[in-house]
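Undergrad: got a predicted structure plus its sequence, pasted below:
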Amino acid sequence: MRPRLDQRLYYFTVEDESLLAEAFPRFETDTYAIAYKVLGADDVFVTTAETKDAMDRHDVPYNCLAEEDGIRIALHHTPQSREELGDYEDALKALALAHRAIGAACVGTNGNADLDLAREIKTYSYFTAPAGHTFLWKMFFQRDEAQRFVEQRYADDDNATEWASSLPLSSAEELVSYH
């Protein structure tokens with residue numbers, strides 16, 4: 001995969017979401033096409049600039065509602081997730097944005113997370129790397145929430161603390177509206 005300079009993420013709707021399932025397999029083999037349904041929305045999706053470009057090239061009918069600068073969504077990797085998912089940063093940011101999160105931190109691999117997921121299951125998601133590992137991601141909606149989580153889970157990790165403190169947005173309320 002090639003690194004992308006355009007880190008835009010796009011909110012869009014389609015008349016029939018089965019169009020996506022039909023169109024994506026026809027895209028070029030070097031295109032990583034992905035779209036996530038926004039949680040709590042009936043017909044709004046988030047996608048990457050790469051997928052939007054492919055949709056445009058293949059005349060997939062959609063209605064672009066808004067765009068978000070991917071730089072505003074922060075990711076905190078483990079060494080393994082950075083190695084395996086480094087080429088999929090935009091897709092990970094789209095996943096976070098579909099949750100309306102301002103950041104996400106990798107907290108486990110292939111079910112090896114020592115977290116009580118039952119309490120906050122809606123704040124977690126997963127992403128499977130082409131190498132086969134499935135990474136668990138904790139979504140954050142406020143900077144102070146990320147800071148508290150990092151203080152509790154990664155107290156001795158200065159990089160994690162710095163990441164949480166430097167989230168570009170302080171709250172999900174600062175995300176672009178797609179309405």
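TA: Yep, that arrived. Numbers count the residues shown, from 1 in each chain.
Undergrad: when you work out contacts or count neighbours from here on, use the C-alpha atoms and nothing else.
TA: Will do.
Undergrad: helix/strand/coil for the nearest residue to Phe24 once chain neighbours are set aside?
TA: Excluding its sequence neighbours, the residue lying closest to Phe24 (C-alpha to C-alpha, 6 or more residues apart in numbering) is Ala33, at 6.2 Å. Three-state call for Ala33 (DSSP: H, G, I helix; E, B strand; the rest coil): coil.
Undergrad: doesn't Ala155 belong to a helix?
TA: No: counting by three-state DSSP, Ala155 is located in no helix; its state is coil.
Undergrad: gap between it and Ala96?
TA: Ala155 sits 24 Å away from Ala96, taking C-alpha to C-alpha, to the nearest Å as the criterion.
Undergrad: what of Arg57?
TA: 26 Å.
Undergrad: do Ala146 as well
TA: From Ala146 to Ala96 the distance is 13 Å (C-alpha to C-alpha).
Undergrad: more neighbours, those two?
TA: Ala96 (29 against 25; other C-alpha atoms under 10 Å).
Undergrad: and the more buried one, what pLDDT?
TA: At Ala96, the model reports a pLDDT of 98.
Undergrad: kindly report the same for Arg2.
TA: Reported pLDDT for Arg2: 47.
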